[in-house]
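Undergrad: Here is a sequence together with a model predicted from it:
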Amino acid sequence: MTEIIRPTLVVDKDICMQNIERMAQKAKDYQLRFRPHFKTHQSAEIGNWFRIYGVEAITVSSVQMAEYFAKNGWDDITIAFPLNILEIDIINRLAANIKLNVLVENKEAAAVLAKKATYKIGVFLKIDTGSNRTGIEPSKTDAINTILELLSKNKKVIFKGFLTHAGHTYSARSTNEIFSRHFDSLLKFRTLKQKYQSNFPNLEISIGDTPSCSICTNFMGVDEIRPGNFVFYDLMQQNLGVCSFEEIAVRMVCPVVAKHASRNEIVIYGGAIHLSQDSLLNIDGKPFFGRILINKKGEKKLLSPRNYVSRLSQEHGILKVSQKNFQHFQVGDLVEIIPVHSCLTANLARKYLTTEGEEIAMINT
């Protein structure tokens, strides 16, 4: 990678394609609609890789992202973020040209849709199944009934069903805990479906977290899955037991700019504005911001967990390495850092370089 002279996010297309194929096949095996979330890669080119495996419907995290992918040929899009009523005019323009679904979790947003939606638009009610970030608690059926009544005032607004992102699977301490939290979500949705299906026979259930979609095998009552991070995976997913190192498709490749033998530390050009501030706890209980790959005798080698990105400032990254490995780093070398969270790292990078040398643009680049 001699063409790399500054922090560069490198993506392995072959690994990405394998990850996409695996998830698409799983959706097919379980008779689920596969509506992948594109907020991880945010790239029209990478989005096209999904078409090879029959993907026709996608998920995004903002109205701006929906506009971007609509312009690039996607015409069935769910905006998986609570409706921002200030963007209703843009939402109407999108709904005029594509199949568009939005999320509602409160009566204020429902009232605006009921009053101002001018084209057919699908609506999912966002349900909080345990992550406590956003959404309606499934037991609060009075709130659900109020929202449904408001939505019914506009015939162009179509209630599609219930949707969740079980984000609390990301904080699980074991794969068994992921299974447990996923199953709890399924039970909550089954209760909701039983209550509302007689009035809405086509009601759908949509789930979206990568951990559950990757390793769980029970999708009772689910109609659609919307994972996103799986396209790249990262150390967070590997740490959860959701993927292997070999399935992580991205690396932040960074130049070595200094060495400090007295501290066994290597300084790289690659800081918080490249890797983000997301961290995990190392085997010694200290936070780390990435794992290190080096090129040793023509082969890539993943260094042990005692070698890691220990600190970040804006542009600087500090690698803590063993005395044994210190000699393998020279000023001017390139090192590969496996990111903790690929979604944020990609968002910061704004573009990719493939292992084949192709530069891939993202939204707004």
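TA: Sure, I can see it. Because the structure is predicted, anything quoted here is derived from the model rather than measured.
Undergrad: Can you list the buried residues in the biggest helix by length in the chain?
TA: Among the segments of the chain that qualify as a helix by DSSP state H, the longest is helix 175-196. In terms of neighbour count (16 or more other C-beta atoms under 10 Å), helix 175-196 has its buried residues at 175, 178-179, 181-182, 185-186, 188-189, 192-193, 196. Where C-beta positions appear, they are placed from N, C-alpha and C, glycine not excepted.
Undergrad: what do you get for stretch 113-124?
TA: Neighbour-count burial for stretch 113-124 flags 113-114, 117, 121-124 (criterion: 16+ other C-beta under 10 Å).
Undergrad: average pLDDT across it?
TA: Mean pLDDT, stretch 113-124: 98.
Undergrad: With stretch 200-211 instead?
TA: 97.
Undergrad: Also stretch 311-324?
TA: 97.
Undergrad: just how off-centre is that stretch within its chain?
TA: Centroid separation for stretch 311-324 versus its chain: 26 Å, with C-alpha atoms, centre = their mean, to the nearest Å.
Undergrad: Flag the shaky bits of the stretch 151-300 of the chain, pLDDT-wise.
TA: Within the stretch 151-300 of the chain, no stretch has pLDDT under 70.
Undergrad: Next one: the residue with the largest distance to the centre of the chain relative to E359, how far apart?
TA: Going by C-alpha atoms, centre = their mean, the residue of the chain most distant from its centre is S262, 39.6 Å out. According to C-beta to C-beta, to the nearest Å, S262 stands 39 Å off from E359.
Undergrad: what do you get for D14?
TA: Per C-beta to C-beta, D14 is found 17 Å from E359.
Undergrad: and if you look at D184?
TA: Taking C-beta to C-beta, one finds D184 at 43 Å from E359.
Undergrad: likewise M23?
TA: 26 Å.
Undergrad: between those two, who's got more neighbours?
TA: Neighbours were counted for M23 and for E359 using other C-beta atoms under 10 Å; M23 has more, 22 against 12.
Undergrad: Mind checking what helix or strand follows the host helix or strand of that one in sequence?
TA: Assigned by DSSP states H and E, M23 falls within helix 13-29. Under the assignment DSSP H and E, the closest C-terminal helix or strand after helix 13-29 is strand 33-34.
Undergrad: Strand partners (parallel or antiparallel) of that next one?
TA: Paired strands of strand 33-34, with direction, are strand 224-225 (parallel) (DSSP bridges).
Undergrad: Go ahead and name everything in contact with the strand it pairs with.
TA: Strand 224-225 has contacts (C-beta atoms under 8 Å, 6 or more residues apart in numbering) with 23, 27, 32-35, 204-208, 213, 219.
Undergrad: Next secondary structure element downstream of that strand?
TA: helix 235-240.
Undergrad: buried set for that following helix?
TA: Of the residues in helix 235-240, 235-238, 240 count as buried by neighbour count, 16+ other C-beta under 10 Å.
Undergrad: Against which helices or strands is that helix packed?
TA: When contacts are defined as 3 or more C-beta pairs under 8 Å, 6 or more residues apart in numbering; DSSP states H and E, helix 235-240 sits against helix 210-215, strand 280-281.
Undergrad: got the contact list for the longest one?
TA: Identification of contacts with helix 210-215 by C-beta under 8 Å, 6+ apart yields 23, 26, 166, 169-170, 172, 175, 178-179, 181-182, 185, 207, 225-230, 233, 237, 240-243.
Undergrad: Ok, stretch 230-245 next?
TA: Contact partners of stretch 230-245, identified using C-beta under 8 Å, 6+ apart, comprise 11, 16, 19-20, 23, 36, 40-41, 46, 169-170, 172, 174-175, 178, 210-211, 213-215, 229, 247-250, 278, 280, 290-291, 302, 338-343, 345-346.
Undergrad: can you do 6 Å?
TA: 16, 19, 23, 40-41, 175, 210-211, 214-215, 247-250, 280, 338-342 (C-beta atoms under 6 Å, 6 or more residues apart in numbering).
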